[in-house]
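# sharing a sequence plus its predicted fold:
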Amino acid sequence: MITIPDPPSPANGQAEGERRRDAALAILSATRPAIIRRLQRAAVEIALDTGTVISDDVRAVVPIPPGIHPTVTGAAINGLAMLGILRGGDHIRSRRPVAHARHVRVWLLTNEAAALKWLAANPASAETAEEGHRD
């Protein structure tokens, strides 16, 4: 008799997805620090200005270089959530035509002081120095 195993539980699948997401962010942060910093700076600045940010907002001001997968935007924003600067909120439909109106998360500014401290510690001038080396 052949037995078919039960599929993994959604909780285990979610945990594995989160592990993979965090590993991808760590790799991107190590190998592409300039683009991660540009994306994160844009997200923080937008959130400080409006109280919220979505990936569409960030993509409007930071072009993704060729050869880098555009999901880097979500990884960069999620990195800010891991620092306690943003937290995930509801989902809305993307306004970018290429995104086919898929749902994107609305990120809420949760700690203005931490956001300002992060901006001071991660100046835009550092991006220029890193660009020639890694991106």
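Received the coordinates, thanks. Residues are numbered from 1 along each chain as shown.
# now the helix or strand hosting Arg87, how far from the chain's geometric center?
Assigned by DSSP states H and E, Arg87 belongs to strand 86-93. Strand 86-93 sits 12 Å away from the centroid of its parent chain (C-alpha atoms, centre = their mean, to the nearest Å).
# flag every buried residue along that strand.
Neighbour-count burial for strand 86-93, counted by 16 or more other C-beta atoms under 10 Å, picks out Leu86. All C-beta atoms are positioned from the backbone trio N, CA, C, and that covers glycine.
# so what strands line up beside it?
Partners of strand 86-93 in the sheet, by DSSP bridges, are strand 103-109 (antiparallel).
# by contact count, what packs against the helix or strand just after the strand it pairs with?
For strand 103-109, the following helix or strand on the C-terminal side (DSSP H and E) is helix 112-121. In terms of contacts (3 or more C-beta pairs under 8 Å, 6 or more residues apart in numbering; DSSP states H and E), helix 112-121 is packed against helix 33-50.
# roughly how far apart are Asp22 and Lys117?
According to C-beta to C-beta, to the nearest Å, Asp22 and Lys117 sit 23 Å apart.
# for Ala75, same thing?
For Ala75 relative to Lys117 (C-beta to C-beta), the value is 21 Å.
# looking at the two now, which is surrounded by more residues?
Ala75 (21 against 13; other C-beta atoms under 10 Å).
# show the backbone phi and psi for that one.
Dihedral pair for Ala75: phi -60, psi -40, per degrees, to the nearest 10.
# and for it, nearest residue in space, chain neighbours not counted?
Distance criterion C-beta to C-beta, 6 or more residues apart in numbering; nearest residue to Ala75, sequence neighbours excluded, is Leu25 at 4.5 Å.
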